[in-house]
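# based on what follows, work out the 3D shape:
(chains A, B, C and D)
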Protein chains: 2
Amino acid sequence: MSDQKNGSDTRERILDVAERLFMENGYEATSMRTITSAAEVNLAAVNYHFGSKEALLREVFRRRLAWLNHERLQALDKLEEQAAGAPLKPSQILEAFFGTLLRMGENPALGGMVFLRLLGRTLTEPAEFIRTFFAGEYAEVIDRYKLALFSALPDVPKAEIVWRLHFMLGAMSYAIAGTDVLQVVTGCEVGDLAGEEVTDETDDTVLARRLAQRLMPFLLGGLRAPLPQFDDVQRIKKEPLPKTARDTREKTPDQDPRP
Amino acid sequence: MSDQKNGSDTRERILDVAERLFMENGYEATSMRTITSAAEVNLAAVNYHFGSKEALLREVFRRRLAWLNHERLQALDKLEEQAAGAPLKPSQILEAFFGTLLRMGENPALGGMVFLRLLGRTLTEPAEFIRTFFAGEYAEVIDRYKLALFSALPDVPKAEIVWRLHFMLGAMSYAIAGTDVLQVVTGCEVGDLAGEEVTDETDDTVLARRLAQRLMPFLLGGLRAPLPQFDDVQRIKKEPLPKTARDTREKTPDQDPRP
DNA sequence: ATTTCGTTCAAACGTTCGTTTTAATATTAG
DNA sequence: CTAATATTAAAACGAACGTTTGAACGAAAT
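Model prediction:
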């Protein structure tokens, strides 16, 4: 009646292989035949177990995101419980949100860096069904963290927080996916960047940890940056340059950063 | 002998349409037939004028990146000339690099937001020929700006600067591409974020300017963030915890940011 | 007027795509 | 053991893909 014995063997072998191939080649460029032959299963096995190629991709993500979503919500629950009503520190929120994800990269049982890279890359896939899928999968978690940031930064306009959350997601996704993509842009091997001295067989586990250690200060620095000033002509409906916008305005200092 | 008369009409109509469709659907999911029928040209026109689909994509980018690369180098040249040997301020470098790009989004003649979105999205395309193409196109500019940041931030390890440049590129790309992608993640329409009050027909020009005004402080804040501390077990070749790395080390403060 | 050459066109090429079908083969239940 | 069911296997489906072909067209040059 149910797939008990080794039917899940084929299923999970397909999921593992598809996860890696989707990461390496993207969704469109990865064919069913490539997947099934690499997984050493019959071509029809994907349609039998999952129904379609789209459903396969969804299942690849559902398998990991179920854990990630639960972990992220639990991390936030624990923080808010400890705070006992007091607003959280932004660093705590970022650690809960991004740290939880980056810790997946250190654990091969949770997909490791393969899944992290796939996640970072797939977020930019233009396919409609992918976007709607992620919207549904992410909605609850994003909303919770958004609200947490709102109360953690009461003086920052909510629109600004959402933008910066957007920026942070982008920095993280690129940093993850780019360990074999954007190294070509920066002109450096990732091994050269993980540390001044690294082992020749750059381990994914240590790479994920280094990435987290480098990324978190950057994100926190961006989140707490001075608010932008809108000194151009405002194109609004009612009144030009409303005084309500000036309250939270603050000049961006042209400082000379010494991190 | 040369394409003088109206041959360039077909050529540029193909380039314009391909630019938009590649942005909307991605490279793999955009077929030659979709492009040629939308451009109202014959199916064979692409292969006649460009040789192949891959060459078409390259030409779509070369057309814009030629201007962008020249502008970026010129902006840096001017800055270094004005500085007369003195190191530049990081804010100047970021403004030259990212500001130049974001200003393309305000100018439809340079591709506008369509090209910006395409650029942000295509950087994550896994196809081999795309990565090698971008590597060649970006190499010189990235190298110049990398060196400028090195001398602007002499106390920051070069590896750290490259990482943060990587993060900044990611934040920008996502912010650009995500104006119709990641809004689904943040659960907000982009119109809600561009300002508290916006026109109902959200103009791309004002959107690009708002994006730049929001993004630059974020990037600068991330760039000048405190250096990360590596308190985990170092897996290096020769000596554990070399003292040379401690010189520039600085504890990440657990500050409560009030931007 | 005729040749020349850049361009456009309709049609077809061979290949690969995701999916379906039909039969054979394990696995479990009665 | 037999019947029912779940899984695998081989083969084929129609559709869509990027590319090529060879003829027709149009504007200059000889």
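
# residue contacts, A:Thr100?
Contact partners of A:Thr100, counting by C-beta atoms under 8 Å, 6 or more residues apart in numbering or on different chains, are A:68, A:71-72, A:75. Where C-beta positions appear, they are placed from N, C-alpha and C, glycine not excepted.

# same question for the strand or helix carrying it, mean pLDDT?
Under the criterion of DSSP states H and E, A:Thr100 resides in helix A:100-104. Average pLDDT, helix A:100-104: 94.

# buried residues in that helix, which are they?
Buried residues in helix A:100-104, counted by 16 or more other C-beta atoms under 10 Å in any protein chain shown: A:100-102, A:104.

# dump the residues you listed into a markdown table; add distance to B:Leu227 as well.
Formatted as a markdown table, these follow (distance: C-beta to C-beta, whole Å):
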| residue | distance to B:Leu227 |
| --- | --- |
| A:Thr100 | 23 |
| A:Leu101 | 22 |
| A:Leu102 | 18 |
| A:Met104 | 25 |
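
# wait, A:Pro90 touches A:Gly222, no?
No. At 10.8 Å, A:Pro90 does not count as touching A:Gly222 under the criterion of C-beta atoms under 8 Å.

# highest neighbour count among the contacts of A:Thr100?
Neighbour counts for the contacts of A:Thr100 (other C-beta atoms under 10 Å in any protein chain shown) peak at A:Arg72, which has 23 neighbours.

# that one reaches A:Phe97, doesn't it?
Yes. At 6.2 Å, A:Arg72 and A:Phe97 qualify as touching, with contact defined as C-beta under 8 Å.

# OK, contacts around the residue nearest in space to the middle of chain A?
The residue lying closest to the centre of chain A (C-alpha atoms, centre = their mean) is A:Ser173, at 5.2 Å. By C-beta under 8 Å, 6+ apart, the contact set of A:Ser173 is A:119-121, A:123-124, B:170, B:174.

# now, those that are in strands?
Assigned to strands by DSSP state E, none of these qualify.

# can I get the residues you listed in JSON lines with neighbour count and pLDDT?
As requested, these are exported to JSON lines (neighbours: other C-beta atoms under 10 Å in any protein chain shown; pLDDT from 0 to 100):
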{"residue": "A:Leu119", "neighbour count": "23", "pLDDT": "95"}
{"residue": "A:Gly120", "neighbour count": "25", "pLDDT": "92"}
{"residue": "A:Arg121", "neighbour count": "23", "pLDDT": "91"}
{"residue": "A:Leu123", "neighbour count": "26", "pLDDT": "88"}
{"residue": "A:Thr124", "neighbour count": "26", "pLDDT": "86"}
{"residue": "B:Gly170", "neighbour count": "28", "pLDDT": "92"}
{"residue": "B:Tyr174", "neighbour count": "29", "pLDDT": "87"}
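
# reformat those residues as JSON lines; add distance to DNA strand C.
Shown next, in JSON lines, are those (distance: C-beta to the nearest atom of the strand, whole Å):
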{"residue": "A:Leu119", "distance to DNA strand C": "20"}
{"residue": "A:Gly120", "distance to DNA strand C": "22"}
{"residue": "A:Arg121", "distance to DNA strand C": "17"}
{"residue": "A:Leu123", "distance to DNA strand C": "20"}
{"residue": "A:Thr124", "distance to DNA strand C": "19"}
{"residue": "B:Gly170", "distance to DNA strand C": "28"}
{"residue": "B:Tyr174", "distance to DNA strand C": "26"}
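
# between those, which is closest to A:Leu165?
For the contacts of A:Ser173, the residue nearest A:Leu165 by C-beta to C-beta is B:Tyr174; the value is 10.9 Å.

# check contacts around that closest one.
A:123-124, A:166-167, A:169-171, A:173-174, B:120, B:182.

# how about the longest helix along chain A: buried residues?
Counting by DSSP state H, the longest helix found in chain A is helix A:53-83. Across helix A:53-83, burial judged by 16+ other C-beta under 10 Å covers A:53, A:56-61, A:63-65, A:68-69, A:71-73, A:75-76, A:79-80.

# right, is the following helix or strand past it up against chain B?
Using DSSP H and E, the helix or strand that follows helix A:53-83 in sequence is helix A:90-94. Yes. Using C-beta under 8 Å from any C-beta of the partner chain, we find that helix A:90-94 touches chain B at A:90-91.

# also stretch A:210-221?
Yes. Counting by C-beta under 8 Å from any C-beta, contacts between stretch A:210-221 and chain B involve A:210, A:213-221.

# now flag whichever of the contacts of A:Ser173 is closest to A:Met23.
For the contacts of A:Ser173, the nearest to A:Met23 is A:Arg121 (6.5 Å; C-beta to C-beta).

# what about the closest one, distance to B:Thr124?
Per C-beta to C-beta, to the nearest Å, A:Arg121 is found 5 Å from B:Thr124.
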